[in-house]
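J.: Make a model of this:
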Amino acid sequence: MTDSPSPTPPTPLLADEGLLAFTPVPLDRRRANGWTAAQQERFILALHVMGSVGQAAKAVGMSRQSAYNLRERAGADSFAKSWDAAIDMGRQRQFDLAMERAIHGVTTVRVLRGGSVTVNGGPDMRILRSALRSEDSRTGRIPLP
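T.: The predicted structure follows:
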């Protein structure tokens, strides 16, 4: 009886990203429109940028539900850990962007019929309140009145 060589373990992806490096979820079969290792890597990167599972899944052409299904599969521990780190980084990035827009403002230029132009800008307190509420709910802090 001969021993068959054991399969080599999958190479961790995103090795240059440190916290986001993960071992792809092993798949039973290949599908043309399924979660390949490259698709998983793109999803984690999109999650890192967007901070939203739905938006990241859509960005890589997959559904939100299929992403959660992939996360729950056997052997997805490394992927789930990378997912958690990526979503935290993405949400922090979105919070920082909202705070910058709230404090420094956003300039809006509108060209009206007849050629008249209006320019509005300045700090936006609505964005600031929204960003702070979002951060409070994410961290579990009780917002100040």
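J.: Tell me where this protein has helices.
T.: 37-50, 53-59, 64-72, 77-104, 125-139 (DSSP state H).
J.: Just want the most central residue of the protein.
T.: Leu47 (1.7 Å; Cα atoms, centre = their mean).
J.: Please tabulate the helices of the chain in a markdown table, including the columns mean pLDDT and distance to Phe22.
T.: For the C-beta atoms, the positions are set from N, CA and C on the backbone; glycine is no exception. A markdown table is the format used below for the helices of the chain (pLDDT from 0 to 100; distance: least, Cβ to Cβ, whole Å):
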| stretch | mean pLDDT | distance to Phe22 |
| --- | --- | --- |
| helix 37-50 | 92 | 7 |
| helix 53-59 | 94 | 14 |
| helix 64-72 | 95 | 11 |
| helix 77-104 | 88 | 4 |
| helix 125-139 | 72 | 22 |
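J.: Out of those, which is the most enclosed?
T.: Of all those, helix 37-50 carries the top mean neighbour count, a mean of 20, counting by mean count of other Cβ atoms under 10 Å.
J.: now that one and helix 77-104, what's the angle there?
T.: Interaxial angle, helix 37-50 versus helix 77-104 (axes from the mean of the first three to the mean of the last three Cα atoms, to 10 degrees): 30 degrees.
J.: picking up where we left off before, who's in contact with the residue nearest to the centre of the chain?
T.: For Leu47, the contacting residues are 53, 56, 83, 86-87, 90, by Cβ atoms under 8 Å, 6 or more residues apart in numbering.
J.: got a markdown table for the helices of the chain, with distance to Arg30 too?
T.: Formatted as a markdown table, the helices of the chain follow (distance: least, Cβ to Cβ, whole Å):
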| stretch | distance to Arg30 |
| --- | --- |
| helix 37-50 | 11 |
| helix 53-59 | 19 |
| helix 64-72 | 14 |
| helix 77-104 | 17 |
| helix 125-139 | 36 |
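J.: Looking at those helices, spot the one closest to Thr23.
T.: Set against Thr23 and scored by Cβ to Cβ, the helices of the chain come closest in helix 77-104, at 4.2 Å.
J.: I'd like to know which elements the closest one is packed against.
T.: Other elements packing on helix 77-104 under the criterion 3 or more Cβ pairs under 8 Å, 6 or more residues apart in numbering; DSSP states H and E are helix 37-50, helix 64-72, helix 125-139.
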